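# build the 3D model from these lines:
(chains A and B)
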Amino acid sequence: MERNIFKYIWHHSRADQIAILILVLVSMPFYFMSLDIPKSIVNKGIQGQGFVGVGSTQSFMAFDLPFGETLFGEKVTLFSGFDLEQQGLLLALSFTFLALVLINGLFKFVINTQKGRLGERMLRRLRYELSDRILRFPVLQIRRVKQAEMATMIKDEVEPLGGFIGDAFVTPAFLGGQAITALVFIIVQSAWLGLIAAAIVLVQAVLIPRLRRRILILGRERQLTARQLAGRIGELVDGAVEIQANDTSNWERSDITARLGRIFKIRYEIYQRKFFVKFLNNLLAQFTPFIFYAGGGLLALQGQLDIGALVAVIAAYKDLPGPVKELIDWDQRRADVQIKYDQVIEQFQPPVLIDPDAQSIDNDPGPPLTGEIVMQGVVLVDESDFKLLESVSFTCEANQHVAVVGPSGSGKEQVALLLAGLIAPSNGSVKIDGREVTEMPSAVTGRRLAYVGQETYHFPLSVRENLVYGLKHVPIILPDYEGKAAHDHAREIAEDKRAGNPTFDANADWIDYQSAGVDGPADMTELLIEVLKLVELEEDTYRFGLTGTVDPVENPDVSQAILTAREALLALLEEGGHDDLVVRFSTQDYNGNASLAENILFGTPTQDSFGNEALASNPLFLSVLDEAGLTRDLEKMGLSIAKTMVEIFADLPAGHPFFDQFSFISDDDLPDFRSLVSKGESAGLDALSKEDLRRLLGLPLEYVEARHRLGLIDQGMEQRLLAARRSFADRLEAENPGAVEFYRGDTYNAAASLQDNILFGRVAYGKAQAEEIVGQAITKVLDDLGLRQTVMEIGLNYYVGVGGKRLNAVQRQKLGLARAILKQPDILIVNEALSVMDGATQDRLLERVLDHRSQQGVMWTLQRPSKAEDFQRLVVLRGGRVMEQGSYEELDQPGTVFSELKAAE
Amino acid sequence: MSIEQEVEILRKIPMFAKIEPAKLKLMAFASERLTFKDGQELFQQGDAGDSAYIIVDGTADVLVNTDNGPLKVASFTRNDITGEIAILCDVPRTATVVATSSLITLKITKELFFRMVTDFPDMGVEIMRALAHRLEQTNALLMAARASK
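Alright, predicted model coming up:
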């Protein structure tokens, strides 16, 4: 990247900069005219200068050719103007003034927006180029950077550049022009005074930047420390488990404190120096008038300078410090921005970058990879010059099933990475079908090969999106833009181009259906489910589907089918004599298997303020309780719960697991509740504060009669709670409709999960095997209704969380493998990608994958030699060297390294 | 049935008779009340055991698999505890237990059981006593069986 920010800006925005400069120049005459016209208004319009008597007129807007006299020897009048009386002239001049104000304002507006746009475009370009570089960092390189630091650089550190870029050339040109004009004017009036003024300006221009040099260095440090702080903050998040598990939070606190202290010191020194420079600058600026007054005054007294000229000089000097000061400020910003730019650029200059041509969208994956895979004398050296691989050579067929066998540290992982083109050998060659892998474009390595490592990254999207991620190489189906959309799109493209961004459409369908072996989007779902079956993620996906939600407006068929399933489940349970296992929701009945709050809400909250935690402070809910006269009763219930908890948990040590498992009250709160209970018992509820009462009220909301069995809700209370349910529904309908989606027997509840919609109730507590029996019944009902596929499809929309955190480690690895298989690569490279699974699952998946890819190439790194039998060719590695290669039968002989490894297993 | 009633039932079981009510209440609260239908299995011989059951109401048969099919070796009724061997010794269930009427039990998980025993040593002693008593009974049965051979 260009090292000098000015060259960078000039290179990419030359035309725009010049256009703005011209615009500024054009605006100048108008600006000067607007300064000049108030004088004419006062002199001519109001004081009547040049009007000799009533009825006399003056011409307005007469315009002579500039320099006409010098050019042609006589005045050349281009326009003789209108003759106006004094009043008319006053109005005409005033309106002209207004018009000029307007014109100046418009110029300013246009210039500023132009500058802003220019700056934003350049900022966009810079941010894109930096992001582009991240995409081109070699894998080994990218492991060394801290992502939080990279993110702050692109997000925050380049931000001030945008503001500066618009001013980069215009400001110095403009202000410099102003300053030089003023200076020349002074020199013309009095050479001496002019030279003194020039000398002082020169001192300012030399001294101030020098003093600022230290500030710039501090600025650089400030930026570095702040960036490192961002990196550390990122580590606090990433390392949360380690920090809490090792009780190192205070160590981290001390580290953060030390960093903040350093940042404070740097920033404070910057302030000190900055304001000192300001002080000095002001002093110098005021020193000049002093010389004018003293020196110029003496000259005038001696008669060497006339008073008029002195006044003019002083007046002209007024125009000098402003631009000079601004110029110095501009220079400060320039230096600051240059530092920021340098710092950022430096971080984005790794020793090696992937050639942009290798990633070009126009590259073709070419024909399928066939022939031989040949590794010849491959040496791989890590950063500390340790040889990970020492002269590795082997040959195999591209369409063979190859196992790279070796203990950990044998170098088999590196062999897989080399073949995938993700790392380059330090020496030697890796060839597929005679072509060097490092020289293949990404279109080949990324499409013809598929690599799955130990930790596949999952994007915070759905299961489906994560699966098809491996197919998004180029836009396949472009969206149809019509009318206004087409117009907007064309404009966006033009703007993309101006900022040097590529014009690939993110709205297009990027999924390469053909390489996955289907015709289009319609067949994709089925294929995805097939692949999920292959990696044994089918049941997981099915369960995701059951906990998923469906929008009944978009999927009327699904919601209708689920309603059918609801009835079918009831019938099936009845048939098996299991209808006591589910307590269905009914408007007339209190559901003892649901919490008290749920019984009043009688629906699924769609707003957080009606969720579990917030309900006790929800004004609408509380006022319904008040109206129903339930508040005091619930508080009593709360007191009773608190009393029981205090009694039975009294002797448990703090932190006892029972608190988490069984208590309404956490061990931290227990002492509070203890005093609350004794106060409530002795003095009555009225003696408690509002806050205490609210805490008590919160307790029974989570109370489930069938589960907690404290006998708090009798029939009378049930009836009163049901009345509260009805009035809550009325109030909500009137005041906040839609905040809770009510349970209705004949309606699909869009806020509730698929499973809850089928169940339409709660599994009864205390019935043996209720969960299993109901779960099986739901599965059967869905299968019978042919809804399994639908549930799977909904499961595909399951959000996997940031980094796939909503999946467990096994699911993450399986999903990673599925992504690679979906691509149907010529060679599938599996590098320890099943490591977290148990042995039996690993074996099963290995067999399934090999079976699925019977005619296609596979390279699998194997820790356990016993599974090597399934492969056509084995490469045995130890200590970074190839010990043996051949078929299983050839190597499974006494005395081979392979048999040694096998015996050691 | 509320916790209070369950506590009353627990108190009647000899094993828990000497334990103070607050502890029993904790036990009742932390355990799950589980009902079985006539014929439903509490657990099956050979399964991994994760909990013991206190029979609150109803009856159950203890069946042991033999070559000639399941053989009834004992039956349980109110206040009996069953399933404790598997959680004490970490062995698979030694017998199958089937409800022979509508059965109400308190299910005590392994964790809860051990916590109660470690937290309240009195209870441990009581359980030892109950087990020793049962062993003594078994010995007597064994002797009787040998004598009749």
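
# need the longest helix for chain B.
The residue-count maximum for a helix in chain B (DSSP state H) belongs to helix B:121-148.

# now it: average pLDDT?
Regarding helix B:121-148, the rounded mean pLDDT is 82.

# ok, stretch A:734-753 next?
On average, stretch A:734-753 scores 89.

# so how far is the longest helix of chain B from its chain's centroid?
The chain centroid and the centroid of helix B:121-148 are separated by 14 Å under C-alpha atoms, centre = their mean, to the nearest Å.

# got the buried residues for it?
Residues of helix B:121-148 classed as buried: B:123, B:126-127, B:130 (neighbour count, 16 or more other C-beta atoms under 10 Å in any protein chain shown). C-beta coordinates here come from the backbone N, C-alpha and C atoms, glycine included.

# can you count the residues close to A:Y268?
A count of neighbours around A:Y268, defined by other C-beta atoms under 10 Å in any protein chain shown, yields 11.

# helix, strand or coil for it?
The local conformation at A:Y268, judged by DSSP: H, G, I helix; E, B strand; the rest coil, is helix.

# what of A:L874?
strand.

# A:V897 is in contact with that one, correct?
No: assessed by C-beta atoms under 8 Å, A:L874 is found out of contact with A:V897, at 10.6 Å.

# anything in contact with each of the two?
Residues touching both A:L874 and A:V897 (C-beta atoms under 8 Å, 6 or more residues apart in numbering or on different chains) are A:E884.

# the more surrounded of those two?
Between A:L874 and A:V897, A:L874 has the larger neighbour count (other C-beta under 10 Å), namely 25 against 17.

# for chain A, what is the nearest residue in chain B?
Here chain B gets closest to chain A at one residue, B:S2, 3.2 Å apart by C-beta to the nearest C-beta.

# and the residue of chain A closest to chain B?
Closest contact between chain A and chain B, by C-beta to the nearest C-beta, is at A:G711 (3.2 Å).

# what sits closest to the residue nearest the centre of chain A if chain neighbours are left out?
What sits nearest the mean C-alpha location of chain A, by C-alpha atoms, centre = their mean, is A:A151, with 8.7 Å. Excluding its sequence neighbours, the residue lying closest to A:A151 (C-beta to C-beta, 6 or more residues apart in numbering or on different chains) is A:A230, at 7.7 Å.

# from the chain's centre, how far out does the helix or strand A:Q272 falls within sit?
Using DSSP states H and E, A:Q272 sits in helix A:249-291. Distance of helix A:249-291 from its chain centroid, counting by C-alpha atoms, centre = their mean, is 33 Å.

# export the next helix-or-strand element following that helix as CSV, just CAs?
Using DSSP H and E, the helix or strand that follows helix A:249-291 in sequence is helix A:297-301. This file holds the C-alpha atoms of helix A:297-301, laid out as CSV (Å, rounded to 0.1, in the frame of the first residue of the first chain):
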residue,chain,number,x,y,z
GLY,A,297,4.5,54.2,15.0
LEU,A,298,8.1,55.4,15.3
LEU,A,299,8.6,55.2,11.6
ALA,A,300,5.4,57.2,11.2
LEU,A,301,6.6,59.8,13.8
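
# mind giving me the packing neighbours of helix A:297-301?
helix A:307-318 (3 or more C-beta pairs under 8 Å, 6 or more residues apart in numbering or on different chains; DSSP states H and E).

# what are the buried residues along the helix it packs on?
For helix A:307-318, the neighbour count (16+ other C-beta under 10 Å) marks A:309-310, A:312-314, A:316-317 as buried.

# quick one, what contacts A:A173?
A:21, A:24.

# what residues does chain A have near chain B?
A:577, A:644, A:647-652, A:657-658, A:661-662, A:708-711, A:765-769 (C-beta under 8 Å from any C-beta of the partner chain).

# show only the entries of these found in strands.
Judged by DSSP state E, strands contain none of the residues of chain A next to chain B.

# ok so, going back, for the residue of chain B closest to chain A, the count of nearby residues, please.
Residues lying near B:S2 (other C-beta under 10 Å) number 14.

# leaving out sequence neighbours, find the closest residue to it.
Using C-beta to C-beta, 6+ apart, the nearest residue to B:S2 is A:G711, at 3.2 Å.

# now do that neighbour, the pLDDT please.
For A:G711, the model assigns a pLDDT of 85.

# gap between it and A:L697?
Per C-beta to C-beta, to the nearest Å, A:G711 is found 19 Å from A:L697.

# one more: A:L834?
Separation of A:L834 from A:L697 (C-beta to C-beta) stands at 52 Å.

# sorry, back to before: hmm, which of the residues of chain A next to chain B are the buried ones?
Counted by 16+ other C-beta under 10 Å, these give A:644, A:648-649, A:652, A:658, A:662, A:708-710, A:765-769 as buried.

# on that earlier part again, which strand or helix spans the residue nearest to the centre of chain A?
helix A:147-152.

# so what does that helix touch, helix or strand wise?
Applying 3+ C-beta pairs under 8 Å, 6+ apart, one finds that helix A:147-152 contacts helix A:191-238.

# let me know the angle separating the helix it packs on from helix A:307-318.
With axes from the mean of the first three to the mean of the last three C-alpha atoms, to 10 degrees applied, the angle from helix A:191-238 to helix A:307-318 works out at 10 degrees.

# buried ones in the following helix or strand past helix A:191-238, by neighbour count?
Later in the chain than helix A:191-238, the nearest helix or strand by DSSP H and E is helix A:240-245. Neighbour counts over helix A:240-245 (16+ other C-beta under 10 Å) mark A:I243 as buried.

# now helix A:240-245, how far from the centre of its chain.
Mean C-alpha position of helix A:240-245 versus that of the full chain (C-alpha atoms, centre = their mean) differs by 25 Å.

# can you tell me the average pLDDT over that helix?
Helix A:240-245 comes out with an average pLDDT of 87.

# what's that helix packed up against?
Counting contacts by 3+ C-beta pairs under 8 Å, 6+ apart, helix A:240-245 packs against no other helix or strand.

# list the contacts of A:D132.
Neighbour list for A:D132: A:P356 [criterion: C-beta under 8 Å, 6+ apart].
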